[in-house]
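**Student:** turn this into a model:
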Amino acid sequence: RARDALLATLDEGGRARVRSCGGPGAGAWVHCAPTSRALQFTYLEYRVATRLRLGVPLGLGGARELCRNRYATGERRGEECRAPLGADGYHALTCLVGGRPIRRHHGLRDLAAELGRDAGYLATMEHREPAWTRVRVGEDGREEHEHADLDARLERPPDDPLTYLDVVVTHPEGEAWRRGAAAADGCAAEGAARAKHRRYPEERLLTGRLVPFSVEAYGRWGREALDFLRAAAADACARSPALAGLGADAPLGLLGRWYCRLSCALQKANAAAILQAGRVADGAGFEGPSGWEEDADDLRRQAAAYAA
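**Tutor:** Got it, this is the predicted structure:
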């Protein structure tokens, strides 16, 4: 009831954000114990991550209103992107000039493969699958080969011989997803997963399956990714005498630990994208007003009404 009341007060982008912040593991970074470096946030990282989650304007004022990411190659090498950053961070989270979306993808890819190894899989990174190669004829009449390079190939014979994982991170406020993401939980993640299946149809494989490791930028995971993680956690506990000895709660405990690692990796990467695009080195970089102070009284009144 409380969430429905909140959604009713928000615009389309706000509804997409709130829905994207929910679901299993999406907010694990908020409450996980900082017991390792991978689970620890700097002050600036945490400040950015919380503002993104709450929908509070990032306050990148002054010269930082434009993206400061630099081109690494091409005719504009060394030049800045200079696109408007926006108060919600959308541009910074999707700007390919600075390379941060690629780094975020690779970080999740490496972590997913590591979790697969914990579950007993043999993981091979960046595997090319010939069955999914597409051949097209170019304007000059020559054949063009579009190779299928999957993020991870997982093998665990005989019970689960072949699984391909392919990571995809979508922003629910993107033009392709915004309306659907505002209306239904997980619309962007599920849509991206379907696109992966269209590109890599399983009927072309002699054996094996594709698991789109799909997640939305605010944290919501796709159904197939969640199913894979749950099954992998159960398998990891069954294979480990130490974990098996913990009883029926062991898979849930391990799954919670994995959620924390994945959630922290995603949000730390998001924060890095914001900070890089705005060239923020310290707290003084947030020059503009957050707008939070003006809304605090309204938020308290809403919270009291929802609790009544």
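**Student:** what strands flank the lengthiest strand in the chain, and is each parallel or antiparallel?
**Tutor:** As far as residue count goes, and with DSSP state E defining each element, the longest strand of the chain is strand 160-170. On the basis of DSSP bridges, the sheet neighbours of strand 160-170 come out as strand 149-156 (antiparallel), strand 209-216 (parallel).
**Student:** right, and the helix or strand after that strand?
**Tutor:** Towards the C-terminus, the helix or strand next in line after strand 160-170, according to DSSP states H and E, is helix 178-183.
**Student:** for A244, which of the strands paired with strand 160-170 is the nearest?
**Tutor:** Proximity to A244 (C-beta to C-beta) singles out strand 149-156 among the strands paired with strand 160-170, at 17.4 Å. Glycine gets a C-beta too; all of them are placed from N, C-alpha and C.
**Student:** how about that closest one: buried residues?
**Tutor:** Within strand 149-156, the residues that count as buried by 16 or more other C-beta atoms under 10 Å are 150-154, 156.
**Student:** quick one: the helices in the stretch 1-150 of the chain, in order.
**Tutor:** Listed from the start of the chain, the stretch 1-150 of the chain has helices (DSSP state H, counting those that start in this stretch) covering 2-8, 12-20, 28-31, 43-54, 90-94, 100-118.
**Student:** so which of the ones you listed is nearest L254?
**Tutor:** Shortest distance between L254 and those, using C-beta to C-beta, is found for helix 100-118: 8.2 Å.
**Student:** that closest one to strand 209-216, inter-axis angle?
**Tutor:** Between the direction of helix 100-118 and that of strand 209-216, the angle (axes from the mean of the first three to the mean of the last three C-alpha atoms, to 10 degrees) works out to 130 degrees.
**Student:** and helix 100-118, how far out from the chain middle?
**Tutor:** Chain-centre distance of helix 100-118: 10 Å, with C-alpha atoms, centre = their mean, to the nearest Å.
**Student:** what's the closest of the buried residues of strand 149-156 to A188?
**Tutor:** Of all the buried residues of strand 149-156, the one sitting nearest A188 is D151; the distance, using C-beta to C-beta, is 18.7 Å.
**Student:** apart from its neighbours in sequence, what residue is nearest the closest one?
**Tutor:** The shortest distance from D151 to any residue that is not its chain neighbour, by C-beta to C-beta, 6 or more residues apart in numbering, is 4.4 Å, and that residue is R109.
**Student:** name the residues of stretch 137-153 that are buried.
**Tutor:** Of the residues in stretch 137-153, those buried by neighbour count under the rule 16+ other C-beta under 10 Å are 148, 150-153.
**Student:** out of the residues you listed, which is nearest to R68?
**Tutor:** Using C-beta to C-beta, the shortest approach to R68 within the buried residues of stretch 137-153 belongs to D151, at 29.2 Å.
**Student:** got the contact list for that closest one?
**Tutor:** Residues in contact with D151 (C-beta atoms under 8 Å, 6 or more residues apart in numbering) are 109, 112-113, 125-126, 165-167, 213.
**Student:** generate a ChimeraX selection restricted to the buried subset of those residues.
**Tutor:** Paste this into ChimeraX to select the buried members of the contacts of D151, with burial taken from 16+ other C-beta under 10 Å:
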select :109,112,113,165,166,167,213
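**Student:** now, the most widely separated pair of the contacts of D151?
**Tutor:** Maximum pairwise distance in the contacts of D151, criterion C-beta to C-beta, is 14.1 Å, between E126 and F213.
**Student:** that older thread, now the contacts of D151 as a markdown table including pLDDT and distance to A8?
**Tutor:** As requested, the contacts of D151 are arranged in a markdown table below (pLDDT from 0 to 100; distance: C-beta to C-beta, whole Å):
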| residue | pLDDT | distance to A8 |
| --- | --- | --- |
| R109 | 96 | 38 |
| A112 | 95 | 36 |
| A113 | 94 | 41 |
| M125 | 92 | 45 |
| E126 | 91 | 45 |
| L165 | 96 | 38 |
| D166 | 96 | 36 |
| V167 | 97 | 34 |
| F213 | 97 | 33 |
